[in-house]
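>>> Quick one: sequence plus predicted model below, questions after.
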Amino acid sequence: MAALLEEGSPVALGTDSLASSPDLDLLAEAAACRTLAREQGAAPEGLAELLVRALTVDGAAAIGADAGVLAVGARADLAVMDVPPG
């Protein structure tokens, strides 16, 4: 992920089906990316913010959706989650 971001490539995270993801859990996908980046010593500055962007703005852009931001006139759903630290 770090190499893609350094090249300026857009990065989006998501799930597509139970065939490739055991639970369709977007937060688990982000956690896996964080763990891999840390283990490879390639965690860029602001990794958490980059992962949130990959799940929201860039994820929506990847599928051509007019969503992913909280802004006047934008389509959006809001989810509130209790995320444990770490």
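Arrived safely, thanks for sending.
>>> Any stretches of the protein with poor pLDDT?
For the chain, the stretches with pLDDT under 70 are 86.
>>> mind listing the helices for it?
2-6, 26-39, 47-55, 57-62 (DSSP state H).
>>> Output those in JSON lines, with mean neighbour count and distance to S20 appended to each entry.
Backbone N, C-alpha and C define where each C-beta goes, glycine included. What follows is the helices of the chain, written out as JSON lines (neighbours: other CB atoms under 10 Å; distance: least, CB to CB, whole Å):
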{"stretch": "helix 2-6", "mean neighbour count": "13", "distance to S20": "19"}
{"stretch": "helix 26-39", "mean neighbour count": "15", "distance to S20": "10"}
{"stretch": "helix 47-55", "mean neighbour count": "17", "distance to S20": "17"}
{"stretch": "helix 57-62", "mean neighbour count": "16", "distance to S20": "16"}
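>>> Identify whichever of the ones you listed lies nearest to V72.
Closest approach to V72 among the helices of the chain is made by helix 57-62 (15.7 Å; CB to CB).
>>> can you pull the alpha-carbon coordinates of the closest one into CSV?
What follows is helix 57-62, C-alpha atoms only, in CSV (Å, rounded to 0.1, in the frame of the first residue of the first chain):
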residue,chain,number,x,y,z
VAL,A,57,-13.7,8.9,-0.3
ASP,A,58,-11.4,6.7,-2.4
GLY,A,59,-13.6,3.7,-2.0
ALA,A,60,-16.6,5.5,-3.3
ALA,A,61,-14.6,7.0,-6.2
ALA,A,62,-13.3,3.5,-7.1
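>>> Can you get me a residue count around I63?
10 (other CB atoms under 10 Å).
>>> Of the helices of the chain, which is nearest L70?
The nearest among these, by CB to CB, is helix 57-62 at 10.3 Å.
>>> follow-up on the earlier one: of the helices of the chain, which approaches A12 most closely?
Here helix 57-62 is closest among these (CB to CB), at 3.8 Å.
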